[in-house]
Every structure is written in C-alpha cells, then in structure tokens.
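K.L.:
here is my input; please provide its structure:
(one chain, ligands or ions: 1)
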Amino acid sequence: MNKQQLFENIKRKKSFLCVGLDTDIKKIPEHLLKEEDPIFAFNKAIIDATADLCIAYKPNLAFYESMGVKGWIAFEKTVNYIKQNYPDQFIIADAKRGDIGNTSAMYARTFFEELDIDSVTVAPYMGEDSVTPFLTYEGKWVILLALTSNKGSHDFQLTEDTNGERLFEKVLRKSQEWASDEQMMYVVGATQGRAFEDIRKIVPEHFLLVPGVGAQGGSLEEVCKYGMNKTCGLIVNSSRGIIYVDKTENFAAASRKAAQEVQAQMAEELKKVIND
Ligand SMILES: O=c1ccn([C@@H]2O[C@H](COP(=O)(O)O)[C@@H](O)[C@H]2O)c(=O)[nH]1
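P.N.:
The predicted structure is shown next:
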C-alpha cells in the first residue's frame, strides 16, 4: 500500500485508528479456550467487529512468539485472514527488528516474502546497514523507532549531544538519507505530547505510528494538535484499550464500541485539517 492509498482509506473511513492485536491467552474470554486456535478465534472476532472503524492492525510479535509454534501459526492465520477479507487494511508487524545486514535481510524475508505484511517496526540502534535490507521491497514500509512511549525513552532517546541535538532527532534526520516518506514511517509515543511539534519540524510529511493512547494514557487530542499534517500523517494505535474492554461472550461488540468512540474523536480531528 502506498502513502496516497493510506490517506484515501483514512478519508473514506474518517479514521486513523490502528487496532493493536496484542493477544494474550491469559486475557481472552474463557469460552474461547475450547476453540482449536483460541488466539486466532479471538483475533478474527475483534477484526470482524472493528474493520470498518480502523485503517490498520498491529499484531505485536511478542504475544505470538511467546506461544511458540502455536503462536506463529495464529499470527500467520491472522495476517492471511486480514489480507483475504479486508484487503484495504494496512498490516504492521510490530517486531522491532534490526541486526547486521545479512541477518536483517532474513527478518525482511520473513515479513515481506514469507508473509505479505505491509510494514515492520525496526530499531535504528545498529544503523544504516541494519535498516536498508528492509527497504529493498517495493511497496513495503519500515517503521523506525524514533521516540517511544515508555519512561525509558529518557535514558537514550531524549539525551542531547554537545550541539543540543537529541538522539531521536538524530535518528529522524539521519534516516531520511536511507528512504523517503513513501517507504519510511516513525514510531512516536502518544505520551510524548509537545515533542510532536519538534518532530514535525524534521519530518513534516512522514506518517507517524503513534502507540500510547488508551492504556498508557497518551492524549489523542494533543497528538493531533501537534502531530497531524495535511495528509493526516498519523496512525494511532490502541491495543488493550480496544481488545480487552470486556471478558464475556459479548467481548467483540464491546471492542467495537470502544473503537467507535475513538473513531468518532478521530473524525472530529480530521475535520479540522482535511477539507474533502
Ligand atoms: O513506543 C512504543 C512502541 C511500541 N509500543 C507497542 O504498542 C502497543 C501499545 O499497546 P497498548 O495496550 O495500547 O498500550 C504495544 O504492542 C506496545 O508494545 C508502545 O506501546 N510504545
């Protein structure tokens, strides 16, 4: 999916919501445990209940890999289910990969060849040769960690060099030498508030993947105020705030309601910036 198609989907659905599929066997409704593949059964119900309200799904690999082979099978089935039934959805493998070049090439092969996923999150710490193998696939995206939502973002990302440049700013500047806004996005946590203003000075046109609303308490309003650009430029993720609002047989309808509330807020925010 290219940037224009993503923007068209956002306008059509009046939504820039990404539903995070952080599916934990310990948190899903008990009645699903009798299913042959409870993780996939849960994901399928959540996807069917929310697909018209969101433009992306983000399974986080940790939740699947922690279950071994069964988890990987559930992950693959989930990706295939979305692709077959909701082909307009942008799929993000939140895997936070990155290694020496030949190893990164294997990660890229996993997500972009073995599975036909649209994008993968990548850690920038190992530099250019750890990122570029992901960029050799046309139509596929790297989503580079820039300023994350957690407290630990202060340990490295927010520290300044002798010229006053913060590490996340260096990541944003340097990585623009590797790919354009047609192939690279950045992770910026919703908890980072006004930092979005500084980020937009360096990457005015790029899409940002924004986790941290909902369970982590980030403000959607603030993210939009400082981070939205003329093509929206935001994919805002919520995982626990959508998928775990109810543990009964009614869980999917409850997730839909939670997604509807966020989507309604997003529609209002889009009106402020986008005319058509
Ligand atoms: O800076 C980051 C980068 C990634 N994440 C991931 O996003 C979701 C957030 O889940 P919630 O339940 O909505 O808090 C999760 O997969 C994280 O690993 C992030 O939170 N912050």
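K.L.:
quick check, pLDDT for the residue nearest to G214 when sequence neighbours are not counted.
P.N.:
With sequence-adjacent residues excluded and distances taken as CB to CB, 6 or more residues apart in numbering, G214 is closest to G241, at 2.3 Å. Yep, even glycine has a C-beta here, placed from its N, CA and C like the rest. pLDDT recorded at G241 is 97.
K.L.:
again, but for D276
P.N.:
In this model, D276 carries a pLDDT of 67.
K.L.:
rewinding a little: which secondary structure elements does the strand or helix carrying the residue nearest to G214 contact?
P.N.:
Per DSSP states H and E: G241 is located in helix 240-243. Applying 3 or more CB pairs under 8 Å, 6 or more residues apart in numbering; DSSP states H and E, we find helix 240-243 packed against strand 17-21, helix 38-50, helix 251-273.
K.L.:
hmm, back to that, ok, now which ones touch the residue nearest to G214?
P.N.:
With contacts defined as CB atoms under 8 Å, 6 or more residues apart in numbering, G241 is in contact with 213-215, 258, 262.
K.L.:
so where do the helices sit in the stretch 151-276 of the chain?
P.N.:
167-175, 195-202, 220-227, 240-243, 251-273 (DSSP state H, counting those that start in this stretch).
K.L.:
dump these to JSON lines, plus distance to the ligand.
P.N.:
Output for the helices of the stretch 151-276 of the chain, formatted as JSON lines (distance: least, CB to the nearest ligand atom, whole Å):
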{"stretch": "helix 167-175", "distance to the ligand": "11"}
{"stretch": "helix 195-202", "distance to the ligand": "12"}
{"stretch": "helix 220-227", "distance to the ligand": "12"}
{"stretch": "helix 240-243", "distance to the ligand": "3"}
{"stretch": "helix 251-273", "distance to the ligand": "11"}
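K.L.:
P211: how many residues sit nearby?
P.N.:
27 (other CB atoms under 10 Å).
K.L.:
how about the one 10 residues further on?
P.N.:
Close neighbours of E221, defined as other CB under 10 Å, add up to 12.
K.L.:
again, but for N85
P.N.:
12.
K.L.:
residue numbers of this protein in contact with the ligand?
P.N.:
Neighbours of the ligand within the chain, by CB under 6 Å from any ligand atom: 20, 22, 60, 94, 148-150, 187, 189, 211-212, 214-216, 237-241.
K.L.:
ok, for the residue in the stretch 1-150 of the chain positioned nearest to the ligand, nearest residue in space, not its chain neighbours?
P.N.:
Closest to the ligand within the stretch 1-150 of the chain is T148: 3.1 Å, counting by CB to the nearest ligand atom. Sequence neighbours aside, G189 is the residue nearest to T148 in space, at 5.2 Å (criterion: CB to CB, 6+ apart).
K.L.:
might one say that that neighbour is in contact with N150?
P.N.:
Yes: contact criterion CB atoms under 8 Å: G189 and N150 qualify, at 7.1 Å.
K.L.:
before I go, just wanted to say thanks for your time.
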